[in-house]
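1. how does the following fold in three dimensions:
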Amino acid sequence: MAFRRLSVALALLGSLAASIATSSAEDRSIVVASTTSTQDSGLFGYLLPIFKAKTGIDVKVIAQGTGQALDTARRGDADVVFVHAKPQEERFVADGFGVKRFDVMYNDFVLIGPKSDPAGVKGKDIVTALKAIEAKGAPFVSRGDRSGTHAAELALWIVAGIDIASAKGAWYREIGQGMGAALNTASAMNAYVLSDRGTWISFKNRGDLDIVVEGDKRLFNQYGVMLVNPEKHPGVKKELGQTFVDWLISPEGQSAIAGYKIDGQQLFFPNADKSGG
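-> Predicted coordinates for the structure are as follows:
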C-alpha cells in the first residue's frame, strides 16, 4: 500500500514537472505588432526561423497597418512594435508606451500604375505624378488604413498641394486594407497605387501593373522597432522582447535582413548603426 502511494506521488510529481516544463517552453514566445509590408514581403517568414534557431524564442506576428499596430501595443497586446511611420513612433515613445525607438532598416516607396500610364506620369517625380493623377481623375487605390504607407501617401498629397479629402472622387478608392490587398485591387482596376518596394517585389499578381515613379528622395521608407513599456503594461515579456530588439539591430540580425532577396533583389537595407530615437 505504501509502495502504491509512493508510486502515485512520484507520478504526480513527474506530471507536475512535465507541466511546468511545458509551461516554461510555451512562455518562450513574444507577440510583435508589425506592418503588413514586413509580412506581405515575406521578410518575417525569412527572419523568424533564423531568430528562433539562435534564441529558442517563438515570435507571433500581428500584421496590421502601423496605426493599428501602435494601438495594439498601447493596449498592451504586444511585446514589441516593428513599424514604419517615424513621427508616430516617436510620439508612442514620448507618451510612455515604448521604451526606446531604434532604426532597423529602410527601403523606399514606389508609385505603381498601368503600363499604359493614362495619367502620363512615368519617369516624373512623385509630386508631378500625383498632380497629374488628380487632374485627370485617373483611378488611384489608397490603403485608407492608417498604415505607414497610408500616412506617407497622405503626406505626399499635401506636398503636392492637394487637399485629398476634398479633391477625392470616384477615381480615388480607399479600401481600408493591407498592402497586398491594395496591390490586388489596383491590378483588378488597372489603377495607380503607392507601395513599399519590398511588397511590390514579392507581389505576383501584377497583371498590367509596373513601377512608374521611383527614386524620388521623398519616397524614403524607414522602419523602427520598440519594446513596449513594461511599466505601462506589466504583462510585457521584457527580457524576451528586448532579446528580439537587440537581435534585429545586432550585426547578425542586420546581416540577416540584408540577406533576404527575391530573384536576386534585396528588399530591405539595414541601417541600425544610426543611434536610436
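
2. elements contacting the lengthiest strand in the chain?
-> Longest strand of the chain, by residue count under DSSP state E: strand 98-114. Judged by 3 or more C-beta pairs under 8 Å, 6 or more residues apart in numbering; DSSP states H and E, strand 98-114 is in contact with helix 86-94, strand 192-196, helix 197-202, strand 209-213, strand 220-228, helix 238-249, helix 251-259, strand 269-270. (Each C-beta comes from the backbone N, C-alpha and C, glycine too.)

3. got these as a markdown table, with mean neighbour count and mean pLDDT columns?
-> Output for the helices and strands packed on strand 98-114, formatted as a markdown table (neighbours: other C-beta atoms under 10 Å; pLDDT from 0 to 100):
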| stretch | mean neighbour count | mean pLDDT |
| --- | --- | --- |
| helix 86-94 | 17 | 97 |
| strand 192-196 | 27 | 97 |
| helix 197-202 | 23 | 94 |
| strand 209-213 | 19 | 98 |
| strand 220-228 | 25 | 97 |
| helix 238-249 | 19 | 98 |
| helix 251-259 | 16 | 98 |
| strand 269-270 | 17 | 98 |
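
4. between those, which one is closest to residue 178.
-> Distance to residue 178, taken as C-beta to C-beta, is lowest for helix 197-202 among the helices and strands packed on strand 98-114, at 8.7 Å.

5. so the longest strand of the chain versus strand 209-213, what angle?
-> With axes from the mean of the first three to the mean of the last three C-alpha atoms, to 10 degrees applied, the angle from strand 98-114 to strand 209-213 works out at 110 degrees.

6. wait, residue 219 touches residue 126, no?
-> Yes. Assessed by C-beta atoms under 8 Å, residue 219 is found in contact with residue 126 at 6.1 Å.

7. and the nearest residue to residue 203 once chain neighbours are set aside, how many residues sit next to it?
-> Nearest residue to residue 203, sequence neighbours excluded (C-beta to C-beta, 6 or more residues apart in numbering): residue 183, at 5.1 Å. By other C-beta atoms under 10 Å, the residues close to residue 183 number 24.

8. thought residue 183 was touching residue 196?
-> No. Using C-beta under 8 Å, residue 183 is not in contact with residue 196; the gap is 10.3 Å.

9. any idea which helix or strand carries the residue nearest to residue 203?
-> Residue 183 belongs to helix 179-189 when elements are defined using DSSP states H and E.
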